[in-house]
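[1] Return atomic coordinates for the entry below.
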Amino acid sequence: MISNRTDLAPLVPIADFCETGSGGTPSRAKESLYFGGPIPWVKSGELRENTIRKTEETITVLGLKESAAKLLPRGALLVALYGATVGRVGILGIEAATNQAVCHIIPDQRRADRQYLFYALQAQVPTWLSRRVGGGQPNISQGIIRETLIPLPPLDEQKRIAYLLSKVEGLIAQRKQHLQQLDDLLKSVFLDMFGDPVRNEKGWDKKPFSELLTDIQSGKSPTCEARPAGSDEWGVLKLGAVTSCVYKEGDNKALPVDIRPHSAVEVKVGDVLFSRKNTYELVAASAYVFETRPKLLLPDLIFRLAIRGDVELNPIYLWQLLISQSQRRAIQSTANGAAGSMPNISKANLNQIRIPCPPISIQNTFAQIVSKIQGLKSSLQASLDHHETLYAVIADRAFKSELDLSRVIVPKEELDTEETNEPMNEPVDDQPFQLPSPGDVKRLKSAQGRKTVLKNWLTAYTKHLGKASIAAESFLELVQQKLSELESIEDLDGYSHEIGVAEYDQIKDWIFQNRASGELTPEYDDTENPVRASAAKD
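    Below is the predicted model:
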């Protein structure tokens, strides 16, 4: 499929074959006149590399007329100029207007296929991000976008490139969905077998780590080389090796040859690793080492939990226990740290944590289930890695005219119509919904206040769905969009627009328990603002 072509596609500035511009925001002082009308209105936080078919807010015809907002046609490409999603690209699946933080790009369909241009713009994101300017909210300008050079082969070839990339993109989305489903399955099995580890509804005997571990080991973090270690070199793990609660051996730095490795803290198969220091959302991450390459050392920020030989504690059960939402949150609450510094969990505090210890036979049965699911996940992850690499290679070579695409057969409807020319992995949501703005946005600055807001949003979303199944990913996407929106319109020092790992797990665990039982519906109590599960009424 590699081509020796010399007729490279010309590089053409976006301004030469596209109409570009930005939108505007009607005055909030006239909200009743300008907002709540029939015209969808896109904000930069809503750009998530997909097709946009619904918006959080709408504006009136008068709001459109008396502001800088413009009505854009279906198929227009959008780029976020600033905010949490700066550089992100989207496609309008509806007629809509945008705010001033969004640049619209409308290609001349005689020269450019919009889906091809979507992928070509995605390839430019790293370059755009490297050219951001500004302080609190770095931005890219319309000028940068307009002068961006895009390879522009003939239309037929553009459609072939877009079709090929969309197929690989669809496979990537499928693999990610399957991996998420397996993670959800593991959480469900854990809760079914052991219950919530903090509430301990099943009454398991609880013991402190001081009675369960022979040692809590950590290594050192010398100044390393700015590259991963080679296969025959010693390396030191980075925090990213455990941050996702899945062990990633490739997240390491090469140890300089003049530093003698301390083999006593070499990572081994069967280790349970634990991050003692990080941001609040990421601290107390844990990972189990199913397999690893040799010559990798622990840093000082990652503990190895060495289980006593005379206690009945399965390391895989321990790992899953530590990453359960409630247990991890309980451990995070023990973190120390001065103002402005990252939370740190000391060995002394960790030793005092008490965990449920069910019969070892049940732990071992659960560990066998985890190992089987891990085998499936490993195969899926390898496939995902392969397809992501394939996508990157195809995109790079296609945009350089290094591929022979003459044998790529594109269905006739793909060639003849713009209607189907959309990303293969766009989310489907037949129930458009807008999360309400919190009455007091300053609550988002504190952990408890933010938790209350998230619970209120979950309640509102559940009531909106009625008897329909709660879609975790759809809800989390709505939350991320709302947080990003609030960041762009509110001045909140210390406010994070990203969903933290703990928040993500908390929301997904609650939703999954609700969905798995089939007998639970959420209730909202205005007095204490909790969301709790109660028996559904007939």
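[2] quick check: longest strand of the chain.
    strand 35-42 (DSSP state E).
[3] Summarise which helices and strands the helix or strand just after that strand is packed against.
    Next helix or strand after strand 35-42 toward the C-terminus (DSSP states H and E): strand 51-52. Helices and strands touching strand 51-52, as assessed by 3 or more CB pairs under 8 Å, 6 or more residues apart in numbering; DSSP states H and E, comprise strand 89-92. Placement of C-beta: from N, CA and C, glycine included.
[4] For the stretch 151-300 of the chain, which segments are assigned as strands?
    Ranges of strands in the stretch 151-300 of the chain, per DSSP state E, counting those that start in this stretch, are 206-208, 213-217, 235-237, 252-254, 272-275, 286-288, 296-297.
[5] Out of these, which one sits most buried?
    strand 235-237 (a mean of 26; mean count of other CB atoms under 10 Å).
[6] Pull the residues that contact that strand.
    219-222, 224, 228-229, 249, 251-255, 267, 295-299, 302 (CB atoms under 8 Å, 6 or more residues apart in numbering).
[7] Direction included, what does that strand pair up with?
    strand 252-254 (antiparallel), strand 296-297 (parallel) (DSSP bridges).
[8] now that strand, how far from the centre of its chain.
    25 Å (CA atoms, centre = their mean, to the nearest Å).
[9] what is the mean pLDDT for it?
    Strand 235-237 carries an average pLDDT of 96.
[10] Also stretch 41-58?
    88.
[11] Quick one: end-to-end distance for that stretch.
    Taking CA to CA, to the nearest Å, stretch 41-58 runs 5 Å from one end to the other.
[12] Please put the alpha-carbon coordinates of stretch 91-105 into PDB.
    Written as PDB, here are the backbone C-alpha positions of stretch 91-105 (Å, rounded to 0.1, in the frame of the first residue of the first chain):
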ATOM      1  CA  ILE A  91     -18.500  18.800  13.300                       C
ATOM      2  CA  LEU A  92     -21.900  20.400  13.500                       C
ATOM      3  CA  GLY A  93     -24.600  17.800  12.900                       C
ATOM      4  CA  ILE A  94     -27.300  20.600  13.100                       C
ATOM      5  CA  GLU A  95     -27.700  24.200  12.300                       C
ATOM      6  CA  ALA A  96     -26.300  26.200  15.200                       C
ATOM      7  CA  ALA A  97     -24.500  29.300  16.400                       C
ATOM      8  CA  THR A  98     -21.400  29.400  18.600                       C
ATOM      9  CA  ASN A  99     -19.800  31.700  21.100                       C
ATOM     10  CA  GLN A 100     -16.700  33.700  20.500                       C
ATOM     11  CA  ALA A 101     -14.300  31.000  21.800                       C
ATOM     12  CA  VAL A 102     -15.100  28.800  18.800                       C
ATOM     13  CA  CYS A 103     -13.700  29.200  15.300                       C
ATOM     14  CA  HIS A 104     -15.900  27.900  12.500                       C
ATOM     15  CA  ILE A 105     -14.500  26.500   9.300                       C
END
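[13] tell me how far it is from the chain's mean position?
    Counting by CA atoms, centre = their mean, stretch 91-105 comes out at 23 Å from the chain centroid.
[14] Identify each buried residue in that stretch, please.
    91-94, 96-105 (16 or more other CB atoms under 10 Å).
[15] picking that back up, so for residue 166, which of the strands of the stretch 151-300 of the chain sits nearest?
    strand 286-288 (33.9 Å; CB to CB).
[16] what packs against that closest one?
    When contacts are defined as 3+ CB pairs under 8 Å, 6+ apart, strand 286-288 sits against helix 240-243, strand 272-275, helix 315-323.
[17] Could you check the pLDDT of residue 530?
    Confidence score, pLDDT, at residue 530: 33.
[18] ditto for residue 137
    73.
[19] and the residue nearest to residue 98 when sequence neighbours are not counted, how many neighbours?
    Spatially, and ignoring its direct neighbours in sequence, residue 98 is nearest to residue 23 (3.5 Å; CB to CB, 6 or more residues apart in numbering). Here the number of neighbours of residue 23 (other CB atoms under 10 Å) works out to 25.
[20] For residue 23, give me its contacts.
    So residue 23 contacts 42, 68, 69, 70, 72, 97, 98, 99, 100, 102, 104 (CB under 8 Å, 6+ apart).
[21] now with 10 Å?
    Contact analysis of residue 23 by CB atoms under 10 Å, 6 or more residues apart in numbering lists 41-44, 64, 67-72, 78, 96-104.
[22] Also residue 364?
    312, 314, 316, 317.
[23] can you check residue 125 too?
    49, 79, 86, 87, 88, 89, 140.
[24] And the furthest pair within those residues?
    Between all members of the contacts of residue 125, the farthest pair (by CB to CB) comes out as 49 and 140, at 16.0 Å.
[25] Compare these two (neighbour count), which wins?
    residue 140 (24 against 16).
[26] From residue 102, how far off is the more buried one?
    From residue 140 over to residue 102 the distance is 12 Å, taken as CB to CB, to the nearest Å.
[27] which residues are in contact with both of these two?
    79, 80, 81, 82.
[28] ok, back up a step: go through the contacts of residue 364 and name the one nearest residue 376.
    Nearest to residue 376 among those is residue 316, at 15.2 Å by CB to CB.
[29] What sits closest to the closest one if chain neighbours are left out?
    That would be residue 367: by CB to CB, 6+ apart, it lies 3.9 Å from residue 316.
[30] Neighbours of the one you found, how many?
    Residue 367: 19 neighbours (other CB under 10 Å).
[31] Return the residues in contact with it.
    Going by CB under 10 Å, 6+ apart, the list of residues near residue 367 reads 288, 314, 315, 316, 317, 318, 319, 320, 360.
[32] now these as JSON lines including pLDDT and distance to residue 457?
    Listed next are these as JSON lines, based on pLDDT from 0 to 100; distance: CB to CB, whole Å:
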{"residue": "288", "pLDDT": "97", "distance to residue 457": "33"}
{"residue": "314", "pLDDT": "97", "distance to residue 457": "37"}
{"residue": "315", "pLDDT": "97", "distance to residue 457": "37"}
{"residue": "316", "pLDDT": "97", "distance to residue 457": "34"}
{"residue": "317", "pLDDT": "97", "distance to residue 457": "33"}
{"residue": "318", "pLDDT": "97", "distance to residue 457": "33"}
{"residue": "319", "pLDDT": "97", "distance to residue 457": "31"}
{"residue": "320", "pLDDT": "97", "distance to residue 457": "28"}
{"residue": "360", "pLDDT": "97", "distance to residue 457": "41"}
